[in-house]
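Engineer: this one's structure only:
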Ligand code: KG4
Ligand code: ZN
């Protein structure tokens, strides 16, 4: 039985994460996963890039050591190192990438740079067997992408957001409602107490192809917040109607992509996939049409296990990154096809 052990490192934004993945005959299992979420940004209402880099620098060594210790491995027992190369904050990426490079070079192990979104795509494979083809909706703080995954490494871009990412819209609405950052999960919790239908928010581009737009919806929430004479009273209803509008667009386009492609699996990935209302609405809409696959929340938000999973697949396919590998702040998925170009 062929077993390999891959160290994953993720530092693209405000999580310092390391994981050891055991891959036995192509089946991945998590031997350890350490995620350190940086708290320093909370008071600023958003991620401060310089602070993120400093925190990564302070924590990367101990986080990697802890992941190895929890897996019961010495670094020399690793078979490869997978590290997020982009997209993300350059200074933050640099810390993880240089650390991973140094480790791989020093140990004489293969290095593979991983595209962060490909990591999100692989997250469900950590919990259940999943093989393409399938339709994937990737919804995070920085991206909103609808893909036809024809095979691992072969992705057809169906649509993406023209302005804000879905997670960004959740975070901005959270700020408007006086919730802390990042506020997606808080908006969802508040929405559970809200009554639907009080605010008539737009469903941007609902019937227009596969592209998304969330900035108009966010502005509509801003106007409603300004018009409210008692935000404390209205905020749960505002959260509910915002969330319903965002979910309707995400679900409708994903379901249409499933129906038009004839695929029988839909994967929901990225931080916003932690939203139960979204996952439930998609499963309900696709009942009898397609199986909806969503990883558990810990694996949907940024983590190094998903990076190790994508890296393990590329390593077993024979790919290696060069020692000259540089971080990138924006760029398309490797193997992406389609009309549109992902710019960040
Ligand atoms: O994938 P992720 O951890 O980081 C990026 O790559 O961006 O996604 C983070 C995003 C944030 O915008 C956060 O507010 C959002 O995911 N998020 C949620 C929920 N949990 C996290 N959005 C809506 N509902 C949630 N339950
Ligand atoms: Zn992410």
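Structural biologist: In hand now; what should we look at? Here the structure is a predicted model, which is why all the values come from computation and not from measurement. Ligands and ions are numbered 1, 2, ... in the order given.
Engineer: rest of the way, CA atoms for contacts and neighbours
Structural biologist: Will do.
Engineer: wait, does stretch 271-281 contact ligand 1?
Structural biologist: Yes - judged by C-alpha under 6 Å from any ligand atom, stretch 271-281 and ligand 1 are in contact via 271, 272, 274, 275.
Engineer: Going by neighbour count, list what's buried in that stretch.
Structural biologist: Neighbour-count burial for stretch 271-281, counted by 16 or more other C-alpha atoms under 10 Å, picks out 271, 272, 273, 274, 275, 277, 278, 279, 281.
Engineer: hang on, the earlier thing: what is the nearest of the residues of stretch 271-281 next to ligand 1 to residue 208?
Structural biologist: residue 272 (22.1 Å; C-alpha to C-alpha).
Engineer: Quick check: that closest one touching residue 142?
Structural biologist: No - counting by C-alpha atoms under 8 Å, residue 272 sits too far from residue 142 to count as a contact (10.5 Å).
Engineer: element containing residue 222, please.
Structural biologist: helix 215-227 (DSSP states H and E).
Engineer: which strands and helices sit next to that helix?
Structural biologist: Applying 3 or more C-alpha pairs under 8 Å, 6 or more residues apart in numbering; DSSP states H and E, we find helix 215-227 packed against helix 166-176, helix 231-261.
Engineer: Could you tell me the angle between that helix and helix 231-261?
Structural biologist: 160 degrees (axes from the mean of the first three to the mean of the last three C-alpha atoms, to 10 degrees).
Engineer: Do a quick rundown of the helices in the stretch 1-150 of the chain.
Structural biologist: 49-71, 90-107, 116-122 (DSSP state H, counting those that start in this stretch).
Engineer: Go through those helices and pick out the most buried.
Structural biologist: Greatest average neighbour count among the helices of the stretch 1-150 of the chain goes to helix 116-122 (a mean of 25), per mean count of other C-alpha atoms under 10 Å.
Engineer: which bits of the chain sit near ligand 1?
Structural biologist: Counting by C-alpha under 6 Å from any ligand atom, the chain sits next to ligand 1 at 140-142, 167-168, 170-171, 182-185, 188, 270-272, 274-275, 301-302.
Engineer: at 8 Å instead, please
Structural biologist: Applying C-alpha under 8 Å from any ligand atom, one finds that the chain approaches ligand 1 through 12-13, 116-117, 120, 139-143, 166-171, 181-189, 269-276, 297, 300-303.
Engineer: Narrow those to just the buried residues.
Structural biologist: Here, 16+ other C-alpha under 10 Å leaves 12-13, 116-117, 120, 139-143, 166-171, 181-189, 269-275, 297, 300-303 buried among those.
Engineer: Quickly list what's touching both of residue 272 and residue 142.
Structural biologist: Counting by C-alpha atoms under 8 Å, 6 or more residues apart in numbering, the shared contacts of residue 272 and residue 142 are 166, 167.
Engineer: What are the phi and psi values at residue 72?
Structural biologist: phi 70, psi 30 (degrees, to the nearest 10).
Engineer: count of neighbours near it?
Structural biologist: 13 (other C-alpha atoms under 10 Å).
Engineer: Test for you: state the pLDDT assigned to it.
Structural biologist: If you check residue 72, the pLDDT there is 98.
Engineer: That one and residue 132: what is the separation?
Structural biologist: Per C-alpha to C-alpha, to the nearest Å, residue 72 is found 33 Å from residue 132.
Engineer: Setting the sequence-adjacent residues aside, check what's closest to residue 190.
Structural biologist: residue 236 (5.2 Å; C-alpha to C-alpha, 6 or more residues apart in numbering).
Engineer: can you tell me which residues contact the one you found?
Structural biologist: With contacts defined as C-alpha under 8 Å, 6+ apart, residue 236 is in contact with 190, 191, 192, 193, 194, 195.
Engineer: what do you get for residue 148?
Structural biologist: So residue 148 contacts 133, 134, 135, 136, 155, 156, 157, 158 (C-alpha under 8 Å, 6+ apart).
Engineer: Tabulate those (a markdown table), appending neighbour count and distance to residue 98.
Structural biologist: As requested, these are exported to a markdown table (neighbours: other C-alpha atoms under 10 Å; distance: C-alpha to C-alpha, whole Å):
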| residue | neighbour count | distance to residue 98 |
| --- | --- | --- |
| 133 | 18 | 34 |
| 134 | 25 | 34 |
| 135 | 29 | 34 |
| 136 | 26 | 31 |
| 155 | 23 | 28 |
| 156 | 20 | 31 |
| 157 | 22 | 30 |
| 158 | 22 | 34 |
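Engineer: ok, so of those residues, who is nearest ligand 1?
Structural biologist: Nearest to ligand 1 out of those is residue 136 (C-alpha to the nearest ligand atom; 14.0 Å).
Engineer: so what's the closest one bridging to?
Structural biologist: residue 147, residue 267 (DSSP bridges).
Engineer: tell me the contacts of the closest residue to residue 77 other than its chain neighbours?
Structural biologist: Using C-alpha to C-alpha, 6+ apart and skipping residues adjacent in sequence, the residue nearest residue 77 is residue 5, 7.6 Å away. Contacts for residue 5 were tallied using C-alpha under 8 Å, 6+ apart; they are 20, 21, 22, 23, 77, 78, 79, 80.
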